[in-house]
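[1] Sequence and predicted model, in that order:
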Amino acid sequence: MEVFDPISTVLTYKSHHGIWTTAPETTVYEAIQLMADKGIGALLVMKGDSLVGIFSERDYMNEVILKGKSSKTTHVREIMSSDVITISPHDSVVHGMHKMTREKVRHLPVVEDGKVIGILSIGDLVKWIISAQDTLIHQLEDYIKGTYPA
């Protein structure tokens, strides 16, 4: 594991392999229920095979709860983020972290040739980077002790 590994490698080893989606016409209540059932923080909003938005816990908080809207009558299309920031499976993990930090997003759909092939959370990338750093530390310790390569 390295910070310059491609995003596609992270997708391969990710514990949650599913891509959870919703339609723009879905009520916010139904979307939140799905997120709770799956233990996820965001849903991709799809119209057919096209990614048209992303709906997250943050959207729910900012656009429903704080504005006093009803989650049972508000539709996802009304509050989703439609300017979706995406990443290529060929980009590096470190590029993904920089993108998430710069754009202030916690989820990145992975898109190749216009098709969604996965989604990564900031937690996925943080875990990868911590593992990469841990591996490097152990390699350096072994090198210093004269036991590298073991």
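    That came through fine.

[2] residues touching the residue nearest to S56 when sequence neighbours are not counted, list them.
    Spatial nearest neighbour of S56, excluding adjacent residues (Cβ to Cβ, 6 or more residues apart in numbering): A42 at 4.1 Å. All C-beta atoms are positioned from the backbone trio N, CA, C, and that covers glycine. By Cβ atoms under 8 Å, 6 or more residues apart in numbering, A42 lies in contact with 35, 54-57, 106-107, 119, 121.

[3] Am I right that T135 is in contact with M1?
    Yes - in terms of Cβ atoms under 8 Å, T135 counts as a neighbour of M1; the distance is 5.7 Å.

[4] more crowded one of these two?
    Neighbour count, other Cβ atoms under 10 Å: between T135 and M1, M1 has more, with 17 against 12.

[5] Enumerate every residue touching S92.
    Contacts of S92 (Cβ under 8 Å, 6+ apart): 3-7.

[6] rerun that using 7 Å as the cut-off
    3-6 (Cβ atoms under 7 Å, 6 or more residues apart in numbering).

[7] and what of T26?
    So T26 contacts 75-76 (Cβ under 7 Å, 6+ apart).

[8] 6 Å - rerun?
    Shown in contact with T26 (Cβ atoms under 6 Å, 6 or more residues apart in numbering): V76.
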